[in-house]
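> Provided below are the primary sequence and the corresponding predicted coordinates.
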Amino acid sequence: MATDQAAANGPGAPQSDAARAAFPRFEQTFPTLTETEIDRMRRFGEVRQYKDGERLFETGKVGPGMFVILSGHVSITQRDGLGHVTPVIEQGPGQFLAEVGQLSGRHALVDGTAEGDVETLLIPSQSLRALLVAEADLGERIMRALILRRVALIQAGVGGPVLIGSPSLVGVVRLQGFLSRNGIPHHVLDPATDTDAADLIARYSPSPADLPLVVAPDGTVLRNPGETDLAYAMGMIGGPIKDKLYDVAVVGGGPAGLATAVYAASEGLSVAVLDARHFGGQAGASARIENYLGFPTGISGQALAGRAYNQAQKFGADLMIPVEAKSLDCSKGGGAFGLTTECGHFLKAKSIVVASGARYRRPAIENLDKFEGRGVWYWASPIEGKLCAQQEIILVGGGNSAGQAAVFLSGHASKVRMMIRSGGLADSMSRYLIDRIMATPNIELMIHTEIVRLEGAEGGLERVHWRNRRTGTETAGDIRNVFLFVGADPATAWLKGCGVELDRTGFVVTGSQCEEGKPVSGLETSVPGVFAVGDVRSGSVKRMGGAIGEGAQVVAALHGFLGDKLAQPR
């Protein structure tokens with residue numbers, strides 16, 4: 001057992017300068033707890049012993065929770081599906097073993113092996129969440145460490161799947177984007193330069209359509225998998241949900257959905273959140289958000305969404321990503337709504353929050369569908385930034401998301417042609433972004449301009465034709481990357497047949513009806529117990545701040561609805 005003095009002096013296991021250099025915020029990433037702090041944690045767990053060489057947790061298998069080392073040392077190593085084992089760090093008395101995935105019982109990303117006899121306090125995931133809430137000061141230190149460890153794994157490419165293929169391959173870019181936006185560590189091996197990758201290609205003899213190969217941590221090899229198949233292989237999606245009745249099911253993991261999850265779960269409601277692709281929605285793709293309250297220096301959409309995602313896990317929300325809602329049964333058989341998903345799950349909830357946002361709008365451009373994911377992009381992350389390094393690119397759109405993307409991409413591309421159909425940006429973009437665009441020398445604003453045709457080959461986009469809408473003059477240029485930020489259409493097809501009223505453009509109508517002479521919440525739909533927040537709601541402001549505000553606001557309405565339901569005579 002570590003003493004208070006020993007704990008105060010530093011980590012329970014001596015660390016090399018190299019290990020400390022690998023983790024810039026070392027003391028926060030691997031704090032050492034005092035004996036008093038450990039005693040406060042004992043009521044949340046149970047003591048477990050391990051023999052020399054025994055695994056406490058294993059890559060690719062569900063982690064049992066957080067371990068606090070009482071005596072002995074544990075070696076943390078990374079093991080990928082190719083059999084490579086890389087030391088990460090050694091931890092000793094007073095330190096704890098876990099990363100943010102253990103808040104929700106996800107698969108472990110690294111191995112933990114006893115070095116000699118080890119005694120630990122094992123705190124299961126559910127108890128860990130209770131600890132973080134009950135012990136606020138201690139919980140803050142633990143939570144910060146869990147997040148920093150995941151960040152370190154992502155930055156080092158430690159843990160997670162190995163993508164085998166050229167970094168510029170369409171499938172590699174697609175899967176990298178999916179994994180990055182879900183906060184899953186991974187790394188790419190190019191068979192042109194890496195012998196292990198070349199050997200794997202030779203062994204599996206994939207056709208071009210099979211690339212990239214993906215090696216899961218357990219050694220399973222997938223051929224150009226879809227996002228859902230990869231998610232199952234990584235343990236991101238659990239088994240069917242049986243016999244659980246949630247207080248609220250939130251469909252959509254963007255800012256509005258995550259805000260709903262955080263506030264509802266923190267107030268004791270049982271919450272499930274579904275999203276078809278990744279948390280953060282379209283806001284998660286924003287390179288820098290500078291006009292959101294409390295972040296004067298700005299924050300990326302991915303970072304803000306990641307914080308909210310971890311916060312929702314902390315309070316016990318069940319986050320099911322990527323799981324797409326297929327249909328909603330509003331008949332309320334058994335007193336609950338029924339939600340069917342594309343992957344065959346069936347979920348029951350007393351109330352529903354529609355936060356499914358909107359899907360990227362596809363303008364009428366000839367050959368557009370041929371080049372989506374092969375030169376045509378609907379977001380601008382560092383992955384796409386690298387693809388267009390020192391190239392001339394086109395960005396279409398005049399809203400804030402387009403402005404943020406243009407400024408971000410200007411740091412990578414040699415020139416950004418920013419095309420809009422209107423005569424200026426003033427009606428659709430914040431002033432600070434307009435000023436920044438005007439001050440960026442390699443951004444050219446092209447008004448009254450639209451893309452009419454795309455050309456290329458199997459390798460991707462090669463040439464773009466655009467037209468001035470006033471003069472009719474058509475111009476062409478050798479462009480390999482086009483970014484489209486032209487708005488979005490509501491994602492409401494899954495509500496068909498449920499009776500939820502939509503406006504003429506497909507957005508959800510709220511607050512327009514009364515129940516027995518009593519006005520309902522301004523966020524409730526035409527179906528009692530079904531609410532809508534964020535971009536999917538008709539009349540919403542379509543800004544991230546507004547979406548988060550509505551996500552917080554709807555929780556009061558949920559309490560009102562659920563309270564009235566409990567008060568009804570049986």
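Received, thanks.
> just checking, Thr260 touches Val554?
Yes - in terms of Cβ atoms under 8 Å, Thr260 counts as a neighbour of Val554; the distance is 5.8 Å. The way it works is simple: take the backbone N, C-alpha and C, and place the C-beta from them, glycine included.
> okay, and the common contacts of the two?
Shared contacts of Thr260 and Val554 (Cβ atoms under 8 Å, 6 or more residues apart in numbering): Val353, Val533.
> chain center to stretch 40-60: distance?
Centroid displacement of stretch 40-60 relative to its chain, using Cα atoms, centre = their mean, to the nearest Å, is 29 Å.
> Alpha carbons of stretch 251-261, in PDB - could you do that?
This file holds the C-alpha atoms of stretch 251-261, laid out as PDB (Å, rounded to 0.1, in the frame of the first residue of the first chain):
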ATOM      1  CA  VAL A 251     -32.100   9.900 -31.600                       C
ATOM      2  CA  GLY A 252     -29.100  11.900 -32.700                       C
ATOM      3  CA  GLY A 253     -25.700  12.500 -31.100                       C
ATOM      4  CA  GLY A 254     -25.100  16.100 -32.200                       C
ATOM      5  CA  PRO A 255     -24.900  19.100 -29.900                       C
ATOM      6  CA  ALA A 256     -28.700  19.000 -29.200                       C
ATOM      7  CA  GLY A 257     -28.800  15.300 -28.500                       C
ATOM      8  CA  LEU A 258     -25.600  15.300 -26.300                       C
ATOM      9  CA  ALA A 259     -26.900  18.200 -24.300                       C
ATOM     10  CA  THR A 260     -30.200  16.400 -23.700                       C
ATOM     11  CA  ALA A 261     -28.200  13.300 -22.600                       C
END
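> Now do the buried residues in stretch 369-387.
Residues 370-372, 374-381, 383-385, 387 are the ones in stretch 369-387 that count as buried (16 or more other Cβ atoms under 10 Å).
> among those, which two are most distant?
By the measure Cβ to Cβ, Lys370 and Gly385 form the most distant pair in these, at 23.2 Å.
> Would you state the strands of the stretch 151-300 of the chain in chain order?
Assigned by DSSP state E, counting those that start in this stretch, the strands in the stretch 151-300 of the chain fall at 162-164, 187-189, 213-215, 221-223, 245-251, 271-274.
> For the longest one, enumerate the helices and strands it packs against.
Think strand 245-251. Using 3 or more Cβ pairs under 8 Å, 6 or more residues apart in numbering; DSSP states H and E as the contact test, the elements touching strand 245-251 are helix 255-266, strand 271-274, strand 337-341, strand 346-354, helix 544-567.
> What distance do you get for Ser381 to Arg141?
Using Cβ to Cβ, to the nearest Å, Ser381 is found at 31 Å from Arg141.
> do the same with Val110
Per Cβ to Cβ, Val110 is found 21 Å from Arg141.
> Pick out whichever of those two has more residues nearby.
Val110 (23 against 15; other Cβ atoms under 10 Å).
> so the more buried one makes contact with Ala152?
No - between Val110 and Ala152 no contact is recorded; they are 10.9 Å apart, counting by Cβ under 8 Å.
> Now do the shared contacts for these two.
Taking Cβ under 8 Å, 6+ apart as the criterion, Val110 and Ala152 both touch Val158.
> Can you point out the helix or strand that includes Leu409?
Using DSSP states H and E, Leu409 maps to helix 400-410.
> After that helix, which helix or strand is next?
As assigned by DSSP H and E, the chain's next helix or strand after helix 400-410 is strand 415-419.
> and the closest residue to Val354 other than its chain neighbours, how many residues sit next to it?
Nearest non-adjacent residue to Val354, counting by Cβ to Cβ, 6 or more residues apart in numbering: Ala532, 4.2 Å away. The number of residues packed around Ala532, counting by other Cβ under 10 Å, is 32.
> what do you get for the one 10 residues further on?
By the other Cβ under 10 Å criterion, the neighbourhood of Lys542 contains 17 residues.
> One more: Gly45?
Other residues within reach of Gly45, judged by other Cβ under 10 Å, total 19.
> before we move on, what about Gly477?
A total of 11 residues lie near Gly477 under the criterion other Cβ under 10 Å.
> Bridged to it, which residues?
Beta-bridge partners recorded for Gly477 (DSSP bridges): Val464.
> OK, contacts around it?
Glu392, Arg463, Val464, Trp466.
> Val527 too?
Cys330, Cys498, Gly499, Val500.
> Do I have it right that the second one meets Ser331?
Think Cys498. No - judged on Cβ under 8 Å, Cys498 makes no contact with Ser331 at a distance of 9.0 Å.
> okay, these two: which has more neighbours?
Neighbour totals were compared for Cys498 and Ser331, and Cys498 leads with 19 against 10 (other Cβ under 10 Å).
> re the thing from before, turn the strands of the stretch 151-300 of the chain into CSV, including mean neighbour count and distance to Met544.
CSV is the format used below for these (neighbours: other Cβ atoms under 10 Å; distance: least, Cβ to Cβ, whole Å):
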stretch, mean neighbour count, distance to Met544
strand 162-164, 25, 30
strand 187-189, 19, 31
strand 213-215, 24, 32
strand 221-223, 17, 34
strand 245-251, 24, 17
strand 271-274, 27, 17
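> Could you save those as JSON lines and add columns showing distance to Gly338?
JSON lines is the format used below for the strands of the stretch 151-300 of the chain (distance: least, Cβ to Cβ, whole Å):
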{"stretch": "strand 162-164", "distance to Gly338": "37"}
{"stretch": "strand 187-189", "distance to Gly338": "41"}
{"stretch": "strand 213-215", "distance to Gly338": "34"}
{"stretch": "strand 221-223", "distance to Gly338": "32"}
{"stretch": "strand 245-251", "distance to Gly338": "10"}
{"stretch": "strand 271-274", "distance to Gly338": "13"}
